[in-house]
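Trainee: please work out how this folds:
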Amino acid sequence: MNKIAVIIFFILSAYRGNTQNRYADSIRSVLAKTTKPIEQFNLLNKIVEDIFTNGSGNIDYSSCVEMVRIAQQLKSDSLLAIAYNTVGNYFLLNNGDYSNALEYFFKGIPLAENANDKRRLSSLYIDIAVVYYKLNNPDEQIKYLRKAMNNLPPVTSALYYFMLTQVQAYTCRYFILKSHYDSALHYAKALIESNRYFKSPVYNCAAQSLMGIIYEKTADTTAAELHYKNSVLGADSVRYFYIKLSVKTPYIDFLIKRRKIPEALEQARQLMNMGIEKNNADVKRMAAGFLRRISEYAHQTDSAYYYSLMESSLKDSVFSQNSINKIQSLVFSEQLRVIEEEGKRAAEEEKRKHNIQYALIALGIITFLILFLLLSHSFVINERVIRFLIIIALLIVFEFLNLLLHPFLERITHHSPLLMLLVLVCIAALLVPMHHRLEKWAVHKLVEKNKKVKLKEAKKMIIT
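Mentor: As a prediction, this is how the structure comes out:
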């Protein structure tokens, strides 16, 4: 009966996997024809969500860069939070670079808060918890899982179960780390129930694998084997490398312990092929370790020695690959930094243009007011008012010139504060004599105008 259930599960998983892969491919086809930045961003984000939901592939380097570039171009905190979340997952899942992953997850939090995007906050907190799970730090893991739970989108949201299943999966893993298997089983069953609504093959595989681990820990080997088989068969029907790896490794370990050598050998060879396909030395090292143990159980001394040497040599390769990954991470981080700096410069340039416009408007208003007061023949104006307005006009002109010339001054002075100060002092020295001349002219005009107004008023009084 169990074999029939496994076969049915495999057929359904394969059918769902093909359907979901076609969906992801159709999104990529639409993306290739799309030119609007916001539509491009949304399609890239759909591809990422489909990877985590349906296992349609793996996070792509170029997609991460493009998402950050578009978010910077559109000056959107919400989009930038999504982009940083995706970049963090790239570092976490593709490179195993936990420090860079955490850096981008934490950078996304204030942006999501500014945009009041609780769904994104929940996602960022979950992914931070995943990093701490990888670092074997359950106390920090559960802290961020609780934050994620407090920021779940409403139940009516289409993304509610997408977020809930992630929280449940890693809460279950937390209790497994703590050896609280009753609590772990509760969350594994809750995950299965949530996935009835979500219908994700990725989280179905995860739930089945977690059930297998829990039953193995509680010595129910029959139930453990059934769940492990279901998880591996489901993972074989998707493209997502991370889920394949996460369900195969505990299953192979289980098979070796149960002395089911032929099945363990088949799964370990598949794991080795995955490592070769992805050129991942760490996965090949794990596979070599399993193959060594299998050879030892089968009393195949030569094979055990061969895989032992391979495992040992791959440890050095893992170090080399980690160094390569670190270099790639640094290159990627630098590329993202350049995009961010370009975005900041564009924002500063836009702000400078606005400030120049404001200065011109203010100068226009002050100039109009001065001319109005000088040319009006209706009332007498105190000299102090004109002197004050001319000083304000001088300050506005100085600020306008400073804003206008600032980029040019930075280039010719190579950002030297002392040289920039000297240039600004020279500009001020040129403006001060102009100010004195303007003030003298304006005061003279004002005195003449006031005399005319007073004379006009005196004539009226004499006539009356």
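Trainee: for residue 300, give me its contacts.
Mentor: Taking Cβ atoms under 8 Å, 6 or more residues apart in numbering, we find residue 300 in contact with no residue. Yep, even glycine has a C-beta here, placed from its N, CA and C like the rest.
Trainee: and it, backbone torsions?
Mentor: Backbone torsions for residue 300, taken as degrees, to the nearest 10, come to phi -100, psi 90.
Trainee: and residue 152, by the same measure?
Mentor: phi -60, psi 150.
Trainee: quick check, pLDDT for it.
Mentor: Listed pLDDT for residue 152 reads 95.
Trainee: hmm, it is touching residue 164, no?
Mentor: Yes. With contact defined as Cβ atoms under 8 Å, residue 152 counts as touching residue 164 (6.3 Å).
Trainee: next, count neighbours for residue 399.
Mentor: Residue 399 has 16 neighbours, counted by other Cβ atoms under 10 Å.
Trainee: tell me which element it is part of?
Mentor: helix 383-413 (DSSP states H and E).
Trainee: sort out which residues of the helix or strand in which residue 233 is found are buried, please.
Mentor: Residue 233 belongs to helix 221-236 when assigned by DSSP H and E. Residues of helix 221-236 classed as buried by neighbour count (16 or more other Cβ atoms under 10 Å): 224-236.
Trainee: which SSE is residue 419 in?
Mentor: Judged by DSSP H and E, residue 419 forms part of helix 417-463.
Trainee: picking up where we left off before, just the CA atoms of the helix holding residue 233, as PDB, please.
Mentor: Taking C-alpha atoms only, helix 221-236 is exported to PDB below (Å, rounded to 0.1, in the frame of the first residue of the first chain):
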ATOM      1  CA  THR A 221      11.400   4.200  11.100                       C
ATOM      2  CA  THR A 222       8.500   3.000   8.900                       C
ATOM      3  CA  ALA A 223       6.800   6.400   8.900                       C
ATOM      4  CA  ALA A 224      10.200   8.100   8.600                       C
ATOM      5  CA  GLU A 225      11.000   6.200   5.400                       C
ATOM      6  CA  LEU A 226       7.700   6.800   3.800                       C
ATOM      7  CA  HIS A 227       8.000  10.600   4.400                       C
ATOM      8  CA  TYR A 228      11.600  10.700   3.300                       C
ATOM      9  CA  LYS A 229      10.700   8.900   0.000                       C
ATOM     10  CA  ASN A 230       7.800  11.300  -0.600                       C
ATOM     11  CA  SER A 231      10.100  14.300  -0.100                       C
ATOM     12  CA  VAL A 232      12.900  13.000  -2.400                       C
ATOM     13  CA  LEU A 233      10.400  12.000  -5.200                       C
ATOM     14  CA  GLY A 234       8.900  15.500  -5.000                       C
ATOM     15  CA  ALA A 235      12.300  17.200  -5.000                       C
ATOM     16  CA  ASP A 236      13.300  15.200  -8.100                       C
END
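Trainee: what average pLDDT does that helix get?
Mentor: Rounded mean pLDDT across helix 221-236 is 95.
Trainee: elements contacting that helix?
Mentor: Packing partners of helix 221-236 (3 or more Cβ pairs under 8 Å, 6 or more residues apart in numbering; DSSP states H and E): helix 2-33, helix 201-217, helix 241-257.
Trainee: quick one: mean pLDDT for the second one?
Mentor: Regarding helix 201-217, the rounded mean pLDDT is 96.
Trainee: now that helix and helix 221-236, what's the angle there?
Mentor: 160 degrees (axes from the mean of the first three to the mean of the last three Cα atoms, to 10 degrees).
Trainee: for helix 201-217, packing partners?
Mentor: Packed against helix 201-217, as judged by 3+ Cβ pairs under 8 Å, 6+ apart, are the following elements: helix 2-33, helix 37-54, helix 160-177, helix 181-198, helix 221-236, helix 241-257.
Trainee: reformat those as a markdown table; add distance to residue 303.
Mentor: Output for those, formatted as a markdown table (distance: least, Cβ to Cβ, whole Å):
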| stretch | distance to residue 303 |
| --- | --- |
| helix 2-33 | 29 |
| helix 37-54 | 37 |
| helix 160-177 | 32 |
| helix 181-198 | 35 |
| helix 221-236 | 23 |
| helix 241-257 | 14 |
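Trainee: which one of the ones you listed lies nearest to residue 140?
Mentor: Nearest to residue 140 among the helices and strands packed on helix 201-217 is helix 160-177 (10.4 Å), distances taken as Cβ to Cβ.
Trainee: and that closest one, C-alpha only, in CSV?
Mentor: Taking C-alpha atoms only, helix 160-177 is exported to CSV below (Å, rounded to 0.1, in the frame of the first residue of the first chain):
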residue,chain,number,x,y,z
TYR,A,160,-0.5,34.9,3.5
TYR,A,161,0.2,31.2,3.1
PHE,A,162,3.3,31.9,1.1
MET,A,163,4.7,33.6,4.3
LEU,A,164,3.1,31.3,6.8
THR,A,165,4.5,28.1,5.4
GLN,A,166,8.0,29.5,5.6
VAL,A,167,7.5,30.5,9.3
GLN,A,168,6.1,27.1,10.1
ALA,A,169,8.9,25.2,8.3
TYR,A,170,11.7,27.0,10.2
THR,A,171,9.9,27.0,13.5
CYS,A,172,9.7,23.2,13.1
ARG,A,173,13.5,23.2,12.4
TYR,A,174,14.1,25.2,15.5
PHE,A,175,12.3,22.7,17.7
ILE,A,176,14.2,19.8,16.0
LEU,A,177,17.5,21.6,16.9
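Trainee: got the buried residues for that helix?
Mentor: Buried residues in helix 160-177 (16+ other Cβ under 10 Å): 160-176.
Trainee: helices or strands up against it?
Mentor: Packing contacts for helix 160-177, counted by 3+ Cβ pairs under 8 Å, 6+ apart, involve helix 37-54, helix 118-134, helix 138-150, helix 181-198, helix 201-217.
Trainee: now do 7 Å
Mentor: In terms of contacts (3 or more Cβ pairs under 7 Å, 6 or more residues apart in numbering; DSSP states H and E), helix 160-177 is packed against helix 118-134, helix 138-150, helix 181-198, helix 201-217.
Trainee: mind listing what residue 199 touches?
Mentor: Listed by Cβ atoms under 7 Å, 6 or more residues apart in numbering, residue 199 has no contact partners.
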